[in-house]
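Q: only the shape, not the letters, is given here:
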């Protein structure tokens, strides 16, 4: 299978998520990373590119988009791993040059940008993939399939949590810094950074739209300009739900927990134990489904009982992107531009509801 | 140590919680059950009393309260284990006759009754104990102590869940029947039956009052007249919280989970694993505290590693009640009349908020 | 149901297991404790009896056995909760006086005593119950039933562990003291005190006899006269097994784990999570069976999801003993004299094998 | 950092572990796979090489070793992923041609081969790396460090299990087939295939040599020519241990569990939950150490709370191999030829002990 030519914007030395994207792109061997504009600081961009052995390094994403589009062996896809506020102009530039985009979340800094970008994407022949990593976990996909096939009956309740503590104190790291700066992260803090993941999981697994929210966003760390704790009630058709995204939960590393409960059974998944999925049938013993185990219909790299983790989930998003690019078409299970728009709608609705003292707000 | 003379109202054949109270009263050998009005059906009352070998059986609680108060060896305390709507008149009758009351929760069917009962209790020399069983678990008490002593710093977040599925379908059991009848259970369904336990745990462990709530109560089972799912956002001073009480979570037996999170650490307890308490210090490895293990300051019947359960927790409430009766004074850690009033305020505030589309409502 | 009249030998102030037996006897209300020879020290015997409000206190077990047998309202059963070396003479005295015996484990200090006692028991009309507590756990009984009914096919492997640390250092408590004194505990240390429990679970759940053993007993704490760690390989017909009993496993409170594996599936139980039983079918998803949950055929005091623990398991042994006494016949699931003899054979075979450098030794 | 040129012998279409090695080599981007003799079937070798886009494909390992050694841009290292009996001649050929070897386990089919290969390796300038994958898990390395630094005191007990069920029935897959054929796997079945991993973990973490063993190897599946269940008692200086390796444990996917217990504390690791390490201090609460969490001194690709798994562990072996090759020196924590020889000694001692009815046998 031939490797796709990949570029990257952002992800220079000292960045976090760029390195993760690069590993993810390498695991299944579907991409070859050739070009980059790895930093807005040209010196850092160059030294980062050298360290990675990239064939071509650029000082700006605009230049890169134009040059690669014109290059006979130019990149076919670009990974965007910058702070949120840059997603929009960068993604736009590559889409308009016909280069596929694989973009980190949340989609943009504002809903308005998201909607504009959706129009750009619709007009482009290039595909747009949003790296909602958790959608790459095999047991999340298995849960999605089981709900669709009716294994838990009609969905009544959805409960999602994303609980971490890395911002429990005033942060000093680069990652912490831009996430707490509305000019770069957008108006949302925890609700955008991790709440958007949780909300995506809700929609992805339950197959239900989040129609309206009643939210209470809070800021616990003095001086912080965005929320660091988000508590949300959700209405999803006749179903009801709760979502909790917090970055100040002292003593919790990065717990994600999703429960989808129907009138005939329920599914529960925890990020700390990602290769297992609890199925609780009403009136039946609890069953533990496993990646690679009996009944599993998804894909796995290693046999049952050999844990796969976060990087493999991320790699599955990349490999699906490769498949999609080669097929010229987004599959339904791969998060795309509409998921990004939905995410931004959710974030803005939560912010709006919270500012209005929790009034139920349409998403 | 001499045994206290105990009576019981409710708890005849076919009832559930009455038998649990009787075991709880027996475990530590502090009470001797002598008299009862075990059913509103006189024949059942008598046959139930015979089966239990009670010395004295009554056809009504009024008669029992009067007769026992007059008896030279009359009961010193009464356990009230009837449907909710009967708690008020029964408790009142015994309190007014100077007999200590050990009453199941929620306190009454309405807040108005609760407040009246509080006045009666204040005027009586008899004590009033509310069986919030979970407050009897050693590790819940340990959590309460640790929060009070500052182990987690200043409380920021409280998250309580009570998740079960026994009412996931239209119920047919006697227990299910009265709980779904507002005339007997009061206006609340899940919010009263189990939400009251969760709310008590919140207050008991966090030492914070629930000041206001934004609630969404739902009824999923057609024809049911009370809520079977309750989602609540809470404000507790500067802290924030979420509470979820559901009786329609298909595939969940009886999961209770409490997280109290401060700026320096967190505590987490699960009913499914009640002898352990997770302590997560900010920037420190997770620690598992155990009943009887290092640092434990509470009381235990058996050594560390020998699980105690629900009945032992219930027994601790009874034994504390015995201590309190002998001392003539309620200790702070034993739930009493004010906890019952607080519980009713919480229930009514949630119902009110939900009817007003989730508006934040003072408790 | 009338209460049986119970006596106790041993269990005076400062003892551990006597108090546990008393709670166990109380939980289901089937016994009334009336008489005792609670200590070999007469003053302690009397003060202990007073503290418990016993009707009759004796200075020696011989006197107690004779007097109670002659008393018109004498005890019907006696609980023996002394150090091991006293089990034999005490049990003999009561059996010969026609009084039912409920005896702690291991049965005796030596196999020879055990075999003699078995003859005495066979000649007596009184029943003999051995308190292998773990056989009272509902999910252990459920496992026993499932194996018998073929749920896991033909048993291939049995793996039992009893891992604790309370003797990791030279002990100073009374309980520690006599357990480390061969004159009182018998020749076995960990192998007798806890290994006997593990071996009973093996036989009880697998329905297989332990035919021969290859053992390595060790003593890690300097100066200790008995083993504190026992590693055993077992042959059980065509099945194979391992047993590990240790009292020096620093950092482990009281972990017991039993796995019984057949050609079609397996069952796993852990004492730390006693209300659940893992069933792993070959080629099927793991299933978690619960006390009170779907498919459960045993008895439970409280609904599924309300944890029962060690004291309830112990109480089930007592309540079964009450049933057996009233029926005049031992049921198969209640540990009796033969289980005690089997236990002593196992202990002596392990000691013999270990002394012979691990040679396979018939049990 | 420049990529090392890698070749592979074995791992053609239909093979399992070859693909795992390739992913492992890719994750950190330290190797570039250029050449292979992917199958002993030349057609399959070629088509497999084409599918992988290798620059050079060979029909035999001998030819490959010679040609690559002579090639100006020949491979610097070779991964050997064939059935066990081929490890010896292949490794020998590459070592003698000065090409570094990264070889799957167990080292060889016989101890005699292992010892010869050790001599060859000693005489070669090329390094020899053995892929004991589990030694790549961060928390296994952390455990190794903690034991070395005295965190649990003097080691008393080591307990290792490797429990899986993929050979619970007569197998039909290619992987199952050669593993059950003594001509290709060597004399050991489970004891070699997975017991060698467990034994390596014992030595790797405890820092103790396994001095002698008493083993019981069994074959449960009719017609199978090698053991499928191995039960081993171990003496490690003054420490004692048990090891259980089974491939017929119906209902267990691939459970590995290691406990190392000292006089001051203990460490426990489970493959199913590989990012956590339980530390139990004597007289202290249980602590859960995590990859990336407080006190962690190892390396991690993603932050705490983002699970890494089997492939990342494997990749760490590869990346360490790259570091070693560039440094020209094996670090102590990377399994090498001596670990392979130790493993073969262990396997042969277990087989010998079992054939001699469990007699204690020097390793």
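A: Thanks, I have it. A quick note: this is a predicted structure, and the numbers were derived from the prediction, not measured.

Q: is chain B contacted by the lowest-mean-pLDDT helix or strand in chain A?
A: One helix or strand of chain A scores below all others by mean pLDDT, DSSP states H and E: helix A:174-179, with a mean of 75. No: Helix A:174-179 lies apart from chain B when judged by CB under 8 Å from any CB of the partner chain; the minimum separation is 14.4 Å. (Each C-beta comes from the backbone N, C-alpha and C, glycine too.)

Q: who's in contact with that helix?
A: For helix A:174-179, the external contacting residues (CB atoms under 8 Å, 6 or more residues apart in numbering or on different chains) are A:14, A:15, A:16, A:83, A:166, A:167, A:171, A:184, A:185, A:189, A:193, A:226.

Q: give me that answer again for 7 Å
A: Identification of contacts with helix A:174-179 by CB atoms under 7 Å, 6 or more residues apart in numbering or on different chains yields A:14, A:16, A:83, A:167, A:171, A:184, A:185, A:189, A:193.

Q: quick one: which two of these are the most distant?
A: The most widely separated members of the contacts of helix A:174-179, counting by CB to CB, are A:14 and A:189 (21.5 Å).

Q: which one of these two has more residues nearby?
A: Each of residue A:14 and residue A:189 has its neighbours counted (other CB atoms under 10 Å in any protein chain shown); residue A:189 has more, 29 against 13.

Q: residue A:229 is in contact with that one, correct?
A: No: with contact defined as CB atoms under 7 Å, residue A:189 and residue A:229 do not form a contacting pair (8.7 Å).

Q: sorry, back to before: buried sites along the least confident helix or strand of chain A?
A: A:175, A:176, A:179 (16 or more other CB atoms under 10 Å in any protein chain shown).

Q: how far is that helix from where the chain is centred?
A: Taking CA atoms, centre = their mean, to the nearest Å, the mean C-alpha location of helix A:174-179 is offset from the chain mean by 17 Å.

Q: how far away is the residue in the stretch 1-150 of chain A positioned nearest to chain C from residue C:347?
A: Closest contact between the stretch 1-150 of chain A and chain C, by CB to the nearest CB, is at residue A:142 (11.2 Å). Separation of residue A:142 from residue C:347 (CB to CB, to the nearest Å): 49 Å.

Q: same check on residue A:361?
A: Distance of residue A:361 to residue C:347, computed by CB to CB: 71 Å.

Q: out of the two, which sits in the more crowded spot?
A: residue C:347 (30 against 18).

Q: might one say that that one is in contact with residue C:191?
A: Yes: assessed by CB under 7 Å, residue C:347 is found in contact with residue C:191 at 5.5 Å.

Q: nearest residue to residue A:333 in space, please, no chain neighbours.
A: Once flanking residues are discounted, residue A:333 sits nearest to residue A:141: 6.3 Å by CB to CB, 6 or more residues apart in numbering or on different chains.

Q: helix, strand or coil for the one you found?
A: Secondary structure for residue A:141, judged by DSSP: H, G, I helix; E, B strand; the rest coil, is helix.

Q: you'd agree it is up against residue A:299?
A: No: using CB under 7 Å, residue A:141 is not in contact with residue A:299, being 8.5 Å away.

Q: after the host helix or strand of residue A:351, next one along is what?
A: Per DSSP states H and E: residue A:351 is located in helix A:337-355. Using DSSP H and E, the helix or strand that directly follows helix A:337-355 along the chain is strand A:361-362.

Q: so is that following strand next to chain B?
A: No: applying CB under 7 Å from any CB of the partner chain, one finds strand A:361-362 separated from chain B by no less than 10.6 Å.

Q: re the thing from before, wait, what's in contact with the residue nearest to the residue of the stretch 1-150 of chain A closest to chain C when sequence neighbours are not counted?
A: Using CB to CB, 6+ apart and skipping the chain neighbours, the partner closest in space to residue A:142 is residue A:298 (5.4 Å). Contacts for residue A:298 (CB under 7 Å, 6+ apart) come out as A:138, A:141, A:142.

Q: which pLDDT does the model give the first one?
A: The confidence metric pLDDT takes the value 98 at residue A:138.

Q: ok, now how distant is it from residue A:199?
A: Applying CB to CB to residue A:138 and residue A:199 gives a distance of 21 Å.
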